[in-house]
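Q: Only the shape, not the letters, is given here:
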């Protein structure tokens with residue numbers, strides 16, 4: 001006999017929604033994507049632990065996030081795990097590849113969501129195209145393309161090398177691939193703010209990614225801390241209906 005637990009069911013549904021929010025679909029692509037080389041400076045390898053606070057369908061959800069970033073000088077890897085209370089792991093992602101003149105050059109991006117098969121996005125350097133296991137779409141590889149897991153670290157690397165240019169209103173564009181398609185993302189610098197974390201208060205550069213004016217897609221706020229190697233100390237994903245997930249850095253350990 002199966003025992004019905006309403007509280008657990010509500011938590012399960014909220015956690016499933018949380019995984020969906022963290023892996024939300026891309027905005028619609030619009031025309032060919034630009035190619036741009038920028039100076040970059042990869043941060044030291046590190047393991048970063050985050051606390052998660054979220055609201056999904058009116059329910060409060062708490063959890064933990066782990067990010068492992070590896071700077072191999074000529075190669076890189078980054079993996080993430082998101083865990084929700086009572087349910088454990090609800091989302092895993094990984095990105096690995098080389099480092100070239102544009103910065104991070106992913107070879108493969110994998111995403112595994114709660115109760116779903118993993119999806120793989122391949123950056124085929126021989127055929128110069130991006131392909132997906134979740135769709136028949138493909139996009140040309142022109143240089144500088146990123147994926148949804150490594151884009152934060154490409155942004156960190158660019159910010160470290162262009163600190164003087166990270167001024168309010170400055171805009172930074174990247175072409176980003178997800179599990180089934182790819183599109184241009186535009187980041188704008190909001191300004192510098194004080195952020196409180198278990199590490200203490202630190203100054204962070206607030207960077208914002210919004211959907212196009214005619215698109216009601218997900219918003220993303222990122223706070224990078226210059227005095228902490230420009231590691232992301234806070235991230236917030238917000239849906240049009242007000243649902244959100246906020247990740248705040250609990251601890252960081254350099255691994256090289």
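A: Thanks, I have it. What you see is a predicted model; the values in this text were computed from it and never measured. Numbers count the residues shown, from 1 in each chain.

Q: From the centroid of the chain, which residue is nearest?
A: Closest to where the C-alpha atoms of the chain average out (CA atoms, centre = their mean) is residue 149, at 4.6 Å.

Q: What about residue 163, how many residues nearby?
A: Number of residues near residue 163 (other CB atoms under 10 Å) recorded here: 13. Every C-beta, even on glycine, is put in place using the N, C-alpha and C of the backbone.

Q: could you pull out the helices for this protein?
A: Using DSSP state H, the helices of the chain run over residues 6-22, 151-161.

Q: hey, least reliable of those helices by pLDDT?
A: The stretch with the lowest mean pLDDT among these is helix 6-22, which comes in at a mean of 46.

Q: Okay, now the unreliable bits of the stretch 101-250 of the chain?
A: 212-216 (pLDDT under 70).

Q: rerun at 80
A: For the stretch 101-250 of the chain, applying pLDDT under 80 flags the ranges 199, 210-218.

Q: so how many other residues sit close to residue 140?
A: 13.

Q: Can you tell me the closest non-neighbouring residue to it?
A: Leaving aside its sequence neighbours, residue 140 sits nearest to residue 129 (CB to CB, 6 or more residues apart in numbering; 5.8 Å).

Q: How about the contacts made by the one you found?
A: 138-141 (CB atoms under 8 Å, 6 or more residues apart in numbering).

Q: Let me know the distance separating residue 226 from residue 44.
A: 14 Å (CB to CB, to the nearest Å).

Q: who's more crowded, these two?
A: Set residue 226 next to residue 44 and count neighbours by other CB under 10 Å: residue 226 wins out with 16 against 12.

Q: which residues does the more buried one contact?
A: 163, 203-205.

Q: make it 10 Å
A: Taking CB atoms under 10 Å, 6 or more residues apart in numbering, we find residue 226 in contact with 159-160, 163, 166, 192, 202-205.

Q: Just the buried subset of these, please.
A: 159-160, 166, 202, 204-205 (16 or more other CB atoms under 10 Å).

Q: Nearest to residue 81, out of those: which one, please.
A: residue 204 (23.3 Å; CB to CB).

Q: pretty sure residue 174 is touching residue 143, no?
A: No: judged on CB atoms under 10 Å, residue 174 makes no contact with residue 143 at a distance of 11.5 Å.

Q: Now for those two: what residues contact both?
A: Joint contacts of residue 174 and residue 143 (CB under 10 Å, 6+ apart) are 36, 102.

Q: Of the two, which one has the most company?
A: Between residue 174 and residue 143, residue 174 has the larger neighbour count (other CB under 10 Å), namely 23 against 13.

Q: Okay, the more buried one and residue 145: tell me how far apart.
A: 8 Å.

Q: what sits in contact with each of the two?
A: Contacts common to residue 174 and residue 145, judged by CB under 10 Å, 6+ apart, are 33, 102, 151, 154.

Q: and which of those residues is nearest residue 113?
A: Looking across these and measuring by CB to CB, the closest to residue 113 is residue 151, at 18.1 Å.

Q: which residues touch the closest one?
A: 78, 95, 104, 106, 145, 174-177, 185, 187, 209, 220, 222.

Q: Could I get those residues in a markdown table, plus columns for distance to residue 68?
A: Written out in a markdown table, the entries for the contacts of residue 151 read as follows (distance: CB to CB, whole Å):
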| residue | distance to residue 68 |
| --- | --- |
| 78 | 7 |
| 95 | 11 |
| 104 | 15 |
| 106 | 16 |
| 145 | 22 |
| 174 | 22 |
| 175 | 25 |
| 176 | 20 |
| 177 | 21 |
| 185 | 23 |
| 187 | 23 |
| 209 | 23 |
| 220 | 21 |
| 222 | 18 |
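
Q: Looking at these, spot the one nearest residue 235.
A: Set against residue 235, the nearest of these by CB to CB is residue 222 (5.4 Å).

Q: Looking at strand pairing, list the partners for the closest one.
A: Beta bridges link residue 222 to residue 207, residue 235 when assigned by DSSP bridges.
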